[in-house]
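Q: Sharing a sequence plus its predicted fold:
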Amino acid sequence: MKKENHFKRILLSLMAAGLIVTSCDKAEDVIEEEEQQQSETPADISVLADKFYSDDVTVQVTDDELIITTKDLPDHKSVYYSQNDPLYEFYQGQDFRQNPGQIGEQNIVLTVPRYPEEASNHQSPGLGPMGVAINSVVFFNQEAAPGDDIFEELYTFDQYDGHPAGDQYHYHIEPSWLTELKGSDAFLGVLLDGFPVYGPMEDQVEVTNDDLDDYHGHFGVTADFPDGIYHYHITVDYPWINGDGYYGTPGTKTQ
Ligand SMILES: [Zn+2]
Ligand SMILES: [Zn+2]
């Protein structure tokens, strides 16, 4: 009798130990699965290549990168085209002050990651192109050149909200030509880190700075990424396109 009880107790404790081992295994599996879901397989942004509609921008898709080559020539009218250009149009908006620049053809190459991922250290785009819109025009961030004030420069924006620095045309704010053409919730371009830029609306609601993180984006589903992707939004308010740096690791640019 005593022996039998002893045996039973050993058996029970073995079973209990077995259960604990089994449940530990299960817990580890669940944790691993959750970690995998959280880290996500990076989205493949090659689906965006065809959205760059202008003849002045080409997108070459490689295994790991999108190589975007742009002439940076707006397909809309501008007072900054030379007066003999068919796209020249006089403009005299309220308090408009034309700067001395004139739109000139560029040769800018942005090589961006095809599978963008969050960077551990968020680099500032600095001055110059930080991305490119679907019509070939480059995006600049919210900073003016040293000595200039971006809020003063707003008065130098043309009828479609861009202006040149020298001969390099660019947008700091919402390109109204593109949001009118494609919709306020449409994909408008990419930044150098490969993450897409969308307009100021989402699900028929205006996106504000409060909806976005420090880099001016958030994770979510978009029309182009049904499984979700981190993406920037252009807002009506400063800092407009980007905030405190790239969310992801930027690729390279030559100009
Ligand atoms: Zn500028
Ligand atoms: Zn969004």
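A: Sure thing, it's come through. Ligands and ions are numbered 1, 2, ... in the order given.
Q: give me phi/psi at Glu153?
A: Main-chain dihedrals, Glu153, degrees, to the nearest 10: phi -70, psi -20.
Q: Measure how buried the residue lying closest to it once chain neighbours are set aside is and give me the count.
A: Leaving aside its sequence neighbours, Glu153 sits nearest to Ala144 (CB to CB, 6 or more residues apart in numbering; 5.3 Å). Every residue, glycine included, has its C-beta placed from N, CA and C. For Ala144, the neighbour count with other CB atoms under 10 Å is 17.
Q: what about Ala144, helix or strand, and which?
A: For Ala144, there is no enclosing helix or strand under DSSP states H and E.
Q: and it, what pLDDT?
A: Note for Ala144: predicted pLDDT of 92.
Q: what about it, distance to ligand 2?
A: Noted for Ala144: a distance of 27 Å to ligand 2, by CB to the ion, to the nearest Å.
Q: what residues are up against the residue in the stretch 1-150 of the chain that ligand 2 sits nearest to?
A: Among the residues of the stretch 1-150 of the chain, Ala43 lies nearest to ligand 2; the distance is 13.4 Å by CB to the ion. Each residue near Ala43 by CB atoms under 8 Å, 6 or more residues apart in numbering is listed here: 115-116, 225, 227-229.
Q: Next: Thr69.
A: 57-58, 60, 107-109.
Q: cool, and Asn99?
A: 153, 156, 163-164.
Q: In a helix, Ser184, correct?
A: No. Read with DSSP: H, G, I helix; E, B strand; the rest coil, Ser184 is coil and lies in no helix.
Q: Nearest residue to it in space, please, no chain neighbours.
A: Met201 (3.9 Å).
Q: Return the residues of the stretch 51-200 of the chain in contact with ligand 2.
A: By CB under 5 Å from the ion, no residue of the stretch 51-200 of the chain approaches ligand 2.
Q: Quickly note the distance from the closest residue to ligand 2 within the stretch 51-200 of the chain to His216.
A: Ranking the residues of the stretch 51-200 of the chain by distance to ligand 2 (CB to the ion) places Tyr198 first, at 5.9 Å. Tyr198 is 11 Å from His216, where distance means CB to CB, to the nearest Å.
Q: what's the spacing between Lys253 and Thr111?
A: When Lys253 is compared with Thr111 (using CB to CB), they lie 7 Å apart.
Q: hmm, back to that, identify the residues contacting the residue nearest to Ser184.
A: Met201 sits next to 183-185, 207 when contact means CB under 8 Å, 6+ apart.
Q: same question, Tyr247
A: 118-119, 122, 193, 195, 213, 215, 217, 230, 232.
Q: please redo it, this time with the cut-off set to 10 Å
A: Residues in contact with Tyr247 (CB atoms under 10 Å, 6 or more residues apart in numbering) are 116-119, 122, 191, 193-195, 213-219, 230-232.
Q: can you check Gly248 too?
A: For Gly248, the contacting residues are 42, 112-113, 115-119, 122-123, 191-195, 215, 217, 230, by CB under 10 Å, 6+ apart.
Q: Please repeat the previous calculation with a cut-off of 7 Å.
A: Listed by CB atoms under 7 Å, 6 or more residues apart in numbering, the contact partners of Gly248 are 113, 116-119, 193-195.
Q: Among the residues you listed, name the buried ones.
A: Buried residues within the contacts of Gly248, counting neighbours by 16 or more other CB atoms under 10 Å: 113, 116-118, 193-195.
Q: Quick one: the contacts of Ala43 as CSV, columns for distance to Gly243 too.
A: As requested, the contacts of Ala43 are exported to CSV (distance: CB to CB, whole Å):
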residue, distance to Gly243
Tyr115, 23
Pro116, 17
Phe225, 21
Asp227, 24
Gly228, 20
Ile229, 18
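Q: could you flag which of those residues are buried?
A: 116, 225, 229.
Q: So which of the residues you listed belong to helices?
A: When the buried ones among the contacts of Ala43 are checked against helices using DSSP state H, none is located there.
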